Structures are given as structure tokens and as C-alpha cells.
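Participant: Provided below are the primary sequence and the corresponding predicted coordinates.
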Amino acid sequence: MSGVQARLRSEHQRRYSELNSSAWYDVVPIFPGVTQRMVNMAGERLARLSTPRGFVILRADHLEFRPAPRTAATETEPGAIA
């Protein structure tokens, strides 16, 4: 994964009641080999979020994005050869 997270913009909370607008969710590829965001037939960019209850696909303009924070599991140890 490329390490991107997204959260729902508060003005869209009513439309997506299963999402918490204060929580950050991992953005995952829609299909294997497809980038994190795609365009539907109406020309709307879509993003797929990984939630505790499964995956949700929604319009990317209803989200705000940020790089995922680095964790100890994704960082190499000092002095290690990558």
C-alpha cells in the first residue's frame, strides 16, 4: 500500500452514517493493480476505505486525505540495510 488515509468531511456525515467523520481510515486499492482512486461512469473520483466492518467505496471529494503515519512495523531499524 502507498500509505494514504482519509476521513469523511463533516458536511457529508448524514450520507455515510456508517463512517465517523473524526476517524481516519486507510485508503486501499479498489481492485488489485488499480490505484487508490478511480473514476466512475459519471466522472466522479472514487476512493475505497478499509473500515472495521469491511470496505466502503465513496466519492473522493467527500473525503480529506493525508499520508498515513509511519509505524514501527513499516520503518526499518537504524543500521539495517533496506
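Facilitator: Good, I have the coordinates.

Participant: look up how far Thr51 lies from Val28.
Facilitator: Distance of Val28 to Thr51, computed by Cβ to Cβ, to the nearest Å: 10 Å. Where C-beta positions appear, they are placed from N, C-alpha and C, glycine not excepted.

Participant: for the residue nearest to the spatial centre of the chain, what are its contacts?
Facilitator: Nearest residue to the geometric centre of the chain (Cα atoms, centre = their mean): Val27, 2.0 Å. Applying Cβ atoms under 8 Å, 6 or more residues apart in numbering, we find Val27 in contact with Val4, Gln5, Ala6, Gln36, Arg37, Ala47, Arg48, Leu49, Ser50, Phe65.

Participant: okay, now Glu44: neighbour count?
Facilitator: Residues contacting Glu44 under the criterion other Cβ atoms under 10 Å number 13.

Participant: I meant Arg7, not that one.
Facilitator: As a burial measure, Arg7 scores 17 neighbours (other Cβ under 10 Å).

Participant: helix or strand for it, which one?
Facilitator: Element membership for Arg7, per DSSP states H and E: strand 4-8.

Participant: give me the next element, helix or strand, following that strand.
Facilitator: Immediately after strand 4-8, counting by DSSP H and E, sits strand 25-28.
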